[in-house]
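Participant: need coordinates for the below:
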Amino acid sequence: MGSSRTPRPDSSSGLAFDELYSLSETLGTGAFSVVKRGTHTRTPTTSYAIKCVQRSKLSHEDTLALKDEVSILSQLRNCKHIIRLFDFFEEDHMFYLVMECVMGGELFDRIVEKKLL
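Facilitator: Here you go, the predicted structure:
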């Protein structure tokens, strides 16, 4: 599972995402992004959920909303009931959100399933 500390070096080092992380299987998909399992070069046995967002698919308003999401998750970093955001990369063609990897499936799917029962 995930670590409790942000892996170093991080985005503030000036290194590109691909220099620090390797991506593997897809964990989920959305309208603007895909979430993949990833590992940091320094801690290859620790998995992270990495949300990969193509900048070209986002409107200006979508980009602002994504940055709001990053800001909110950063402020709630120590809340044990909120998924942890470890790092954020803003690159030419992609945004990468490095988050805590939790197993158990999509929360939305579980809520819908409970309502149907």
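Participant: going forward, measure contacts and count neighbours with C-alpha atoms only.
Facilitator: Fine.
Participant: can I get stretch 41-54 in CSV? Just the C-alpha atoms.
Facilitator: Only the C-alpha atoms of stretch 41-54 are listed here, as CSV (Å, rounded to 0.1, in the frame of the first residue of the first chain):
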residue,chain,number,x,y,z
THR,A,41,12.2,5.3,-8.3
ARG,A,42,13.5,5.5,-4.7
THR,A,43,10.8,3.3,-3.2
PRO,A,44,9.8,0.7,-5.9
THR,A,45,7.9,-1.5,-3.4
THR,A,46,5.5,1.3,-2.4
SER,A,47,2.5,1.8,-4.7
TYR,A,48,0.7,5.1,-5.4
ALA,A,49,-2.5,5.8,-7.3
ILE,A,50,-1.4,8.3,-9.9
LYS,A,51,-4.1,10.4,-11.6
CYS,A,52,-2.9,11.3,-15.1
VAL,A,53,-4.9,14.1,-16.7
GLN,A,54,-4.4,15.2,-20.3
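Participant: average pLDDT for it?
Facilitator: Across stretch 41-54, the average pLDDT comes to 95.
Participant: quick one: contacts of it?
Facilitator: 1-3, 7-8, 19-23, 27, 32-40, 93-102 (CA atoms under 8 Å, 6 or more residues apart in numbering).
Participant: quick check: ChimeraX command selecting the buried ones in those.
Facilitator: This is how ChimeraX selects the buried members of these, with burial counted by 16 or more other CA atoms under 10 Å:
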select :2,7,20,21,23,27,33,34,35,36,37,38,39,40,94,95,96,97,98,99,100,101
